[in-house]
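For reference, the sequence and a predicted model appear below.
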Amino acid sequence: NEGIIIVAATNRPDVLDTALLRPGRFDRQVTVSLPTYNGRLGILQVHARNKKLAPDVSLEKIARRTPGLSGADLANLLNEAAILTARRRKDSIGESEIEDAIDRVTIGLKLTPLLDSKKKRIIAYHEIGHAMMMTLLKNSDPLNKVTIVPRSGGIEGFAQPVLNEDMVDSGLYSRGWLLDRIRISLGGRAAETVVFGDAEVTIGAGQDLKVVTTLAREMVTLYGMSDLGPMALESPNNEVFLGRDLMPSSEHSEEMAVQIDRQVRTIAQKCFEETCQILRDNRPLMDRL
Ligand code: ZN
């Protein structure tokens, strides 16, 4: 029939059969990305319609605090806040329920705090290491929150920056920002080293080190931000799913591979030493925190 439009949705446009995409078939694409501030505000307004909010709750404020959340996440956030409100026997959703619901949706459920112990002290110094680097470094996004109240999902604590939405949207991260991001990620391990010594460092920094290695490697191989010069040495890995490009495509010699590893190592090592030094210089503050 004429006048019928077929619309389909997929998360993997990269692996569609090209026959599907020929003119006259699915030949138009509309990319629906995560909502920006205005989108989030609109979504929150829709989901707040059937909920009773306290007069001090501002949807604008929630929208500003939730970059990166999808429509479903935002709906879930307001539902969680409503559940907490009922559990606390209040009759309208207040600031503290919103606050706890944001944490719950983004990080996990709050568990009972640890009793004072060596474990607690190690975690505290680890998170303070991250938090101090966020605060002291000049290209970093500032600290939003640091806590050692454990969360569901095995999270012992975290230090969280204020998300800079302009930066997230534009994706224009500078070299200074990337290096500071590496130093922040190393802050946990550095604090453990400075306070407890080399032999006492824990596996708690495992995830942090993954971030460090990935960022340092990307700086060298994708963004031309190392001594190897402005060259793209690898194609970005787009999480290839089926078939196409199963082999990672590297555009360099084996000798270059050795140099890449060396550069990555230099970045990580240098940032680690700088981070330890900054923490040593601020040791009294760190102990107090
Ligand atoms: Zn950490």
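Yep, that arrived.

Just list the residues touching the closest residue to Tyr173 other than its chain neighbours, thanks.
Nearest residue to Tyr173, sequence neighbours excluded (CB to CB, 6 or more residues apart in numbering): Met167, at 6.6 Å. In this view, the C-beta of every residue, glycine as well, is placed from N, C-alpha and C. Going by CB atoms under 8 Å, 6 or more residues apart in numbering, Met167 touches Asp141, Tyr173, Trp177.

Would you confirm that Met256 contacts Met231?
No - contact criterion CB atoms under 8 Å: Met256 and Met231 do not qualify, at 9.0 Å.

How about the residues of this protein by the ion?
The interface of the chain toward the ion, taken as CB under 5 Å from the ion, is made up of Gly188, Asp208.

mind checking pLDDT for the residue of the chain found nearest the ion?
Of all residues in the chain, Gly188 sits closest to the ion, at 3.2 Å by CB to the ion. pLDDT for Gly188: 96.

and it, how far is that from Asp198?
As judged by CB to CB, to the nearest Å, Gly188 and Asp198 stand 15 Å apart.

between these two, which one's more packed in?
Neighbours per residue, other CB atoms under 10 Å: of Gly188 and Asp198, the larger number sits with Gly188, 30 against 7.

Contact partners for the more buried one?
By CB under 8 Å, 6+ apart, the neighbours of Gly188 are His126, Glu127, Gly129, His130, Gly204, Ala205, Asp208.

Next step: the residues you listed restricted to helices.
Under the assignment DSSP state H, those contribute His126, Glu127, Gly129, His130, Asp208 to helices.

Quick check: the farthest pair among these?
Greatest spacing in the ones in helices among the contacts of Gly188, by CB to CB: Glu127 and Asp208 (10.9 Å).

Looking at the two, which one has more neighbours?
Taking neighbours as other CB under 10 Å, Glu127 and Asp208 compare with Glu127 leading, 23 against 20.

Apart from its neighbours in sequence, what residue is nearest the more buried one?
Nearest to Glu127 is Gly157, by CB to CB, 6+ apart, at 4.4 Å.

Tell me if I'm right that the one you found and Tyr125 touch.
No - in this structure Gly157 lies outside contact range of Tyr125 using CB under 8 Å: 10.4 Å.

quick one: the helices in this protein?
Here the chain has its helices, by DSSP H, at 37-48, 59-65, 71-87, 95-106, 118-136, 165-170, 175-196, 206-221, 254-281, 283-288.

mean pLDDT lowest for which of the ones you listed?
helix 165-170 (a mean of 74).

I'd guessed Asn144 sits against Val162; true?
Yes - using CB under 8 Å, Asn144 is in contact with Val162, at 4.4 Å.

Just checking the distance from stretch 53-61 to the centre of its chain.
Centre-to-centre, stretch 53-61 and its host chain are 26 Å apart (CA atoms, centre = their mean, to the nearest Å).

in it, what counts as buried?
The neighbour-count check on stretch 53-61 (16 or more other CB atoms under 10 Å) flags Leu53, Val57, Leu59 as buried.

Closest one of these to Arg217?
Minimum distance to Arg217 across these is 40.2 Å, recorded for Leu59 (CB to CB).

Tell me if I'm right that Glu234 and His252 touch.
Yes - applying CB under 8 Å as the test, Glu234 and His252 come out as touching, 7.5 Å apart.

Show me which of the two is the more surrounded one.
Comparing Glu234 with His252 by other CB under 10 Å, the one with more neighbours is Glu234, at 18 against 15.

Show the pLDDT at the more buried one.
82.

Number the chain from 31, please
Sure, I'll start numbering at 31, so the last one becomes Glu264.

Once you drop chain neighbours, what's closest to it?
Thr251 (4.2 Å).

what's the answer for Arg205, then?
Going by CB to CB, 6+ apart, Arg205 has Met255 as its nearest residue, at 5.0 Å.

cool, Val224 as well?
Nearest residue to Val224, sequence neighbours excluded (CB to CB, 6+ apart): Leu309, at 5.0 Å.

Now do the contacts for that neighbour.
Taking CB under 8 Å, 6+ apart, we find Leu309 in contact with Gly159, Met162, Met163, Gly217, Ala220, Ala221, Val224, Met316.

if we go to 7 Å?
Gly159, Met162, Ala220, Ala221, Val224, Met316 (CB atoms under 7 Å, 6 or more residues apart in numbering).

does the third one really touch Cys306, like I thought?
Right, the one you point to is Ala220. Yes - between Ala220 and Cys306 there is a contact under CB atoms under 7 Å: 4.7 Å.
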